[in-house]
Structure formats: structure tokens, C-alpha cells
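Q: Please work out how this folds:
(one chain, ligands or ions: 1)
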Amino acid sequence: MSVVTRFAPSPTGPLHIGGARTALFNFLYARGRGGKFLLRIEDTDRERSKLEFEREILDSLAWLGMDWDGEPLKQSLRGEAYAAAAEKLLSTGKAYRDYTPPEEVEALRQKAQEQKLPFRFREEMARKDPPKAGAPFAIRLRFPTEGVVGFDDLILGRIESQAKELDDLVIVRSGGEPVFHLCNVVDDVFQGTTHVIRGSDHQTNTLKHVVLYEALGASAPKFAHIPLIAGPDGKKLSKRDAARSALEYKEQGYLPEALVNFLARLGWSHGDQEIFSMAELIKHFDLGTVGKSMAAFNPDKLLWLNQTYIKNADGKRLAELMREHLRHEPKIAVPADEHLIKVAGIQKERARTIRELSESSWYFFMRPEQYEEKGKKFLTPEALASLGKYAKTLKGVSDFHAKPIEAATQAFLTESNLPLKDLAQPLRVALTGGTVSPGIFEVLEVLGKDEALARIEQAGKILG
Ligand code: GLU
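A: Reported below is the predicted structural model:
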């Protein structure tokens with residue numbers, strides 16, 4: 001049997017962390033088994049579904065490298081299929097028309113609740129005849145009244161409920177609108193889904209769905225419910241813990257492979273390995289190794305992963321990402337690629353995000369106009385005098401690369417009887433405006449001789 005999974009988001013908001021992880025597990029499971037990974041847009045809620053969210057979800061998946069097979073199936077275009085399924089359930093006697101006004105059902109439910117009695121809506125309570133001609137009716141699926149309803153979950157094990165605890169399920173509302181359960185099941189039959197992998201908040205829905213599959217004469221797919229994501233404190237993940245959407249992480253300067261790696265490890269593990277390429281995830285991912293308990297969201301771990309991926313990323317790619325990021329900085333004239341690649345190359349060791357990488361690199365793109373307070377104290381008259389002499393040495397370096405610059409600098413230090421630190425820190429402040437930067441010889445190389453000399457001269461003028 002070839003595997004078919006699908007991700008079925010409702011486009012009522014952007015793709016958030018939980019959704020992205022669900023998509024990823026479906027993607028990995030299918031790709032690791034030569035199967036298909038399909039998409040379905042569950043946009044039956046006309047009011048809350050928005051095209052812009054649908055686009056954002058697709059863009060997010062593409063950014064994260066989860067390519068899907070074929071065209072996404074859109075539920076808003078499948079009304080006829082749902083109507084036909086409801087019709088079939090009516091004609092085979094699995095479902096019935098219910099003319100009970102929804103308020104009446106609600107009132108009965110409330111009353112039972114007040115009396116602390118169990119309440120289940122069953123066929124015998126339903127109004128079977130139209131109170132007036134043309135009155136709308138809901139369609140309800142008849143549910144078993146005894147025994148258990150259940151399924152074997154690939155992650156959680158056996159999940160069951162007493163049949164008597166479940167209502168006869170409304171599958172079409174009295175306005176004629178098919179409900180989530182019907183659309184979801186009809187489409188999984190239509191798409192040939194073999195494995196439904198979704199959040200464990202759908203567990204109780206699945207109890208209903210298995211009855212629906214059976215009534216439709218279809219075999220149910222296998223189910224895997226992924227435990228939800230907890231916040232760093234172990235409680236429910238809140239808005240403060242994570243970014244609103246996957247694309248927000250992109251804007252904050254996260255690399256997609258870092259986010260993918262992070263998402264995969266939210267609830268799944270493979271020995272004690274932490275770093276996984278997409279290919280490795282595809283190879284190793286399995287549902288049996290997804291944990292049963294909530295996975296805690298740890299933003300520091302995401303930062304650490306991102307830093308690791310940035311460190312190992314190719315300079316050209318980092319340069320492109322920095323360019324993208326710096327687009328929003330009107331004051332900065334972003335330099336040519338070559339220069340940016342060099343900047344990325346020497347800065348990447350210390351950046352946790354592309355944003356940090358870009359922001360901490362500003363002095364490569366702009367001459368500092370002033371100096372940090374704590375930097376100024378290094379620019380004493382003696383230091384400025386040494387810098388002035390050192391400028392002559394620099395001028396004489398014909399091959400302006402870190403190694404020859406370092407050699408010339410060593411000679412200068414020996415000759416002037418100066419320790420490196422007495423030169424390096426004032427030089428750093430003159431070149432960068434502050435006290436933190438990569439190795440000073442690399443900084444000199446990347447700035448280039450003319451710019452470095454101009455900055456040393458400027459420091460002398462401003463502070464001398
Ligand atoms: N639209 C549902 C959701 O976003 C889909 C559930 C499912 O995967 O079946 O939760």
C-alpha cells in the first residue's frame with residue numbers, strides 16, 4: 001500500500017508553529033516511504049477563511065521546503081461531493097432528517113446540564129416532520145447506542161469512548177451547510193488518504209469520524225494524533241512563547257532548515273541526535289518514535305539551532321539573506337555581493353539570526369559617525385598617536401589581506417615596543433565605532449585599505 005498523507009489547514013489564520021509541525025510530520029512520513037503528500041484547504045467557514053491566509057500558508061510551506069504533490073484540494077469548491085455523500089447516507093438509512101430547531105436542542109442540553117444529567121441527542125428526540133412546508137432540516141448520522149467506538153492510534157495507542165456518550169452527529173446544518181466532520185471524511189476518502197496525522201485536539205473528532213467512514217462504506221485511514229506543544233513552562237503554548245506565524249520567523253532572521261529541525265524535534269526524537277538535515281529527517285522519521293506527551297517549546301533551542309545553521313551556511317546565501325534584510329534599512333547602501341559575502345564570512349560565527357548578522361554588521365556598510373562611550377576611553381591621545389603611526393604601516397601593505405596585514409602589524413608592534421592590545425582595541429573603536437567585532441585583521445581586510453585609513457584619520461580628527 002503506498003502512503004498518502006495530507007495537511008489540511010483551515011485558512012483562518014497564518015501557518016503557526018503547531019500547524020507547521022503537523023505539516024512537517026505528514027511531509028516526512030510520506031517522503032520517507034515514497035508516498036504522496038497532499039494539501040487540502042479546509043475553507044468551508046466562509047466568514048473566517050481568507051485567501052490571503054491560504055496564500056501565506058502555501059508560501060510558508062514552500063519556504064520550509066515542504067513541497068506537496070498536485071494541486072491543493074479546496075473544500076469551498078466541493079459542495080456537490082458533500083451533498084452527494086449526505087444524500088447517500090440518507091438513502092442508505094444511515095442518516096436521518098432532523099427538523100428540531102437548533103435552539104430547542106440547545107435548551108434540552110442546558111436543562112440536562114442544570115440537572116446534572118447526561119444528554120445525548122438521539123433519533124427518538126428528533127422532529128421527523130417538517131413543522132411547515134419547506135422548513136429546513138439538519139441531517140444527522142445515526143450513532144451506535146451501545147458498545148464502544150474507537151480506533152488504534154499509531155502514537156497514542158487504543159482510543160475509545162462509550163458509544164452512548166456520543167450524539168447522533170449533525171453532518172449537514174439546517175441551513176444546508178455541511179459540517180467539518182463530513183467534509184473532512186469525504187475528502188480523505190476522495191484523496192485516498194492512508195494516514196491522518198494531526199494534532200491530538202482532534203482525538204474526539206476522530207471517534208466520530210470512524211463511525212462516519214463506516215457509514216459511508218469506506219475503510220478508515222490510520223490515525224496518528226500528535227501531542228500538542230507546551231510552552232517553556234510546561235503549560236499551554238501561549239502567544240508570548242512563539243511567533244505568530246512561520247513567516248514571522250523568516251522575518252526575524254531564522255533559516256528554514258533551522259526551523260524544520262526544531263519542529264521535527266518537537267515531540268519526535270532519534271537517539272540523542274539534535275541536528276538533522278531534511279534528508280536525514282526523511283530517512284529517520286517515524287510515527288512510532290513520536291512521544292506521547294506534550295513537547296515543550298524552547299525558544300533558546302531554536303536560537304541555538306539557527307546559530308548552528310548560520311555558522312555552516314554558505315557565504316553567498318547568507319549575503320543574499322542579509323541583502324533581503326537590509327532592504328528595510330533606508331540608511332544603509334547595501335554593498336556589492338562580493339563585499340557582502342566577505343562580511344557574512346567573518347561575521348557568521350557570532351550571529352544567532354540573520355537579523356543579528358545584518359544589524360551587527362552595520363559598520364561594514366557605513367562609516368561610524370560617532371563612537372560608543374565605552375569605546376571612546378580607548379582612544380587616548382597616546383593611542384591616537386600610535387594609530388597615526390600605524391596608518392603609515394598599513395599604507396605600505398600592498399597585498400591588503402588579513403595575513404600580510406597581520407605580519408606588517410607584528411613588525412610595527414615590535415618596532416614600537418607596543419603590546420597588541422594597546423593597538424587592537426583603539427583600532428577596533430576607530431574602525432567600527434564600538435568594542436566588539438570579529439578579528440581586527442579580517443575587519444581591516446574587508447573594509448579595504450582606503451576605507452580603513454579614512455576611518456583612522458577621522459578618529460584622529462574627531463577625538464584628537
Ligand atoms: N482543518 C483542520 C484543522 O486545521 C484539519 C484537521 C485534519 O487534519 O484533519 O485542524
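
Q: quick one: contacts for the nearest residue to Ile139 once chain neighbours are set aside?
A: Spatial nearest neighbour of Ile139, excluding adjacent residues (Cβ to Cβ, 6 or more residues apart in numbering): Val172 at 4.0 Å. C-beta here means a position set from N, CA and C on the backbone, and glycine is covered the same way. Shown in contact with Val172 (Cβ atoms under 8 Å, 6 or more residues apart in numbering): 82, 86, 138-139, 178-179, 182.

Q: Keep only those of the residues you listed that are in helices.
A: 82, 86, 182 (DSSP state H).

Q: looking at those, which has the most residues close by?
A: Neighbour counts for the ones in helices among the contacts of Val172 (other Cβ atoms under 10 Å) peak at Leu182, which has 27 neighbours.

Q: how far is stretch 211-219 from where the chain is centred?
A: 34 Å (Cα atoms, centre = their mean, to the nearest Å).

Q: Contact residues of this structure facing the ligand?
A: 8-10, 42, 184, 196, 198, 202 (Cβ under 6 Å from any ligand atom).

Q: what's the most distant pair in those?
A: Ser10 and Val196 (15.2 Å; Cβ to Cβ).

Q: Those two: which has the busier surroundings?
A: With neighbours defined as other Cβ under 10 Å, Ser10 and Val196 compare such that Val196 has more, 23 against 19.

Q: List the beta-bridge partners for that one.
A: Beta-bridge partners recorded for Val196 (DSSP bridges): Phe223.

Q: show me what contacts it?
A: 5-6, 188, 206, 221-224.

Q: Which residue, other than its chain neighbours, is closest to the residue in the stretch 201-350 of the chain positioned nearest to the ligand?
A: Across the stretch 201-350 of the chain, the shortest distance to the ligand (Cβ to the nearest ligand atom) belongs to His202, at 5.6 Å. Leaving aside its chain neighbours, His202 sits nearest to His225 (6.4 Å; criterion: Cβ to Cβ, 6+ apart).

Q: what about the one you found, which SS state?
A: Classification of His225 by DSSP: H, G, I helix; E, B strand; the rest coil places it in strand.

Q: Quick one: neighbours of it, just the number.
A: 23.

Q: can you check the one 4 residues further on too?
A: Other residues near Ile229 number 21, with proximity taken as other Cβ under 10 Å.

Q: pretty sure it contacts Phe262?
A: No - using Cβ atoms under 8 Å, Ile229 is not in contact with Phe262; the gap is 11.0 Å.

Q: Quick check: the gap between the residue of the stretch 201-350 of the chain closest to the ligand and Leu156.
A: Between His202 and Leu156 the computed distance is 12 Å (Cβ to Cβ, to the nearest Å).

Q: okay, and the common contacts of the two?
A: Joint contacts of His202 and Leu156 (Cβ under 8 Å, 6+ apart) are His225.

Q: where do the helices sit along the stretch 1-150 of the chain?
A: Using DSSP state H, counting those that start in this stretch, the helices assigned to the stretch 1-150 of the chain run over residues 17-31, 51-63, 79-91, 102-114.

Q: most neighbours per residue, which of those helices?
A: Mean neighbour count (mean count of other Cβ atoms under 10 Å) peaks for helix 17-31 among these, with a mean of 24.

Q: helices and strands around that helix, which ones?
A: If you count contacts as 3 or more Cβ pairs under 8 Å, 6 or more residues apart in numbering; DSSP states H and E, helix 17-31 packs onto strand 4-7, strand 36-41, helix 51-63, strand 195-199, strand 222-226, strand 229-230, helix 256-264, helix 278-284.

Q: Send me it as CSV with only the CA atoms.
A: What follows is helix 17-31 as a C-alpha-only set of coordinates in CSV (Å, rounded to 0.1, in the frame of the first residue of the first chain):
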residue,chain,number,x,y,z
ILE,A,17,4.1,26.6,14.8
GLY,A,18,1.7,23.8,15.6
GLY,A,19,0.4,23.7,12.1
ALA,A,20,3.9,23.8,10.6
ARG,A,21,4.9,20.8,12.7
THR,A,22,1.8,18.9,11.7
ALA,A,23,2.6,19.6,8.1
LEU,A,24,6.2,18.5,8.6
PHE,A,25,5.3,15.2,10.2
ASN,A,26,2.9,14.4,7.3
PHE,A,27,5.5,15.5,4.8
LEU,A,28,8.3,13.4,6.3
TYR,A,29,6.2,10.4,6.8
ALA,A,30,5.1,10.4,3.1
ARG,A,31,8.5,11.3,1.7
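
Q: Leaving out chain neighbours, which residue sits closest to Lys331?
A: Going by Cβ to Cβ, 6+ apart, Lys331 has Met366 as its nearest residue, at 7.0 Å.

Q: distance of that neighbour from the ligand?
A: Look at Met366 and the ligand: by Cβ to the nearest ligand atom, to the nearest Å, they are 46 Å apart.

Q: same check, this time on Ala430
A: Distance of Ala430 to the ligand, given as Cβ to the nearest ligand atom: 56 Å.

Q: so that residue sits right up against Leu387, yeah?
A: Yes - counting by Cβ under 8 Å, Ala430 touches Leu387, with 6.2 Å between them.

Q: Give me the common contacts of the two.
A: 456, 459.

Q: For these two, indicate the residue with more neighbours.
A: Ala430 (27 against 23).

Q: Kindly indicate whether the more buried one is helix, strand or coil.
A: Ala430 ends up helix, using three-state DSSP.

Q: How many neighbouring residues does the nearest residue to it once chain neighbours are set aside have?
A: Residue nearest to Ala430 in three dimensions, not counting chain neighbours: Ala459, with 3.7 Å by Cβ to Cβ, 6+ apart. By other Cβ under 10 Å, the residues close to Ala459 number 25.

Q: Please apply the same query to Val397.
A: As a measure of burial, Val397 has 18 neighbours, counting by other Cβ under 10 Å.

Q: Enumerate every residue touching it.
A: 404-405, 408, 449.

Q: next one: Ala243
A: Per Cβ under 8 Å, 6+ apart, neighbours of Ala243: 17, 249, 252.

Q: Any buried residues in the helix or strand encompassing Ser358, and which?
A: Assigned by DSSP states H and E, Ser358 belongs to helix 354-359. Of all the residues in helix 354-359, those buried under the rule 16 or more other Cβ atoms under 10 Å are 354-358.

Q: pLDDT score for the residue of the chain most remote from its centre?
A: Using Cα atoms, centre = their mean, the residue of the chain lying farthest from its centre is Glu415. It sits 56.5 Å away. What the model reports for Glu415 is a pLDDT of 96.

Q: what do you get for Val334?
A: At Val334, pLDDT is 81.

Q: Give me the three-state assignment for it.
A: coil.

Q: For the nearest residue to it once chain neighbours are set aside, give its distance to Ala319.
A: Sequence neighbours aside, Leu326 is the residue nearest to Val334 in space, at 4.9 Å (criterion: Cβ to Cβ, 6+ apart). Distance from Leu326 to Ala319, counting by Cβ to Cβ: 10 Å.

Q: from memory the residue nearest to His202 sits against Arg198, does it?
A: Yes - contact between His225 and Arg198 holds when scored by Cβ under 8 Å: they sit 6.5 Å apart.

Q: What residues sit buried inside stretch 370-377?
A: In stretch 370-377, counting by 16+ other Cβ under 10 Å, buried: 371, 375-376.
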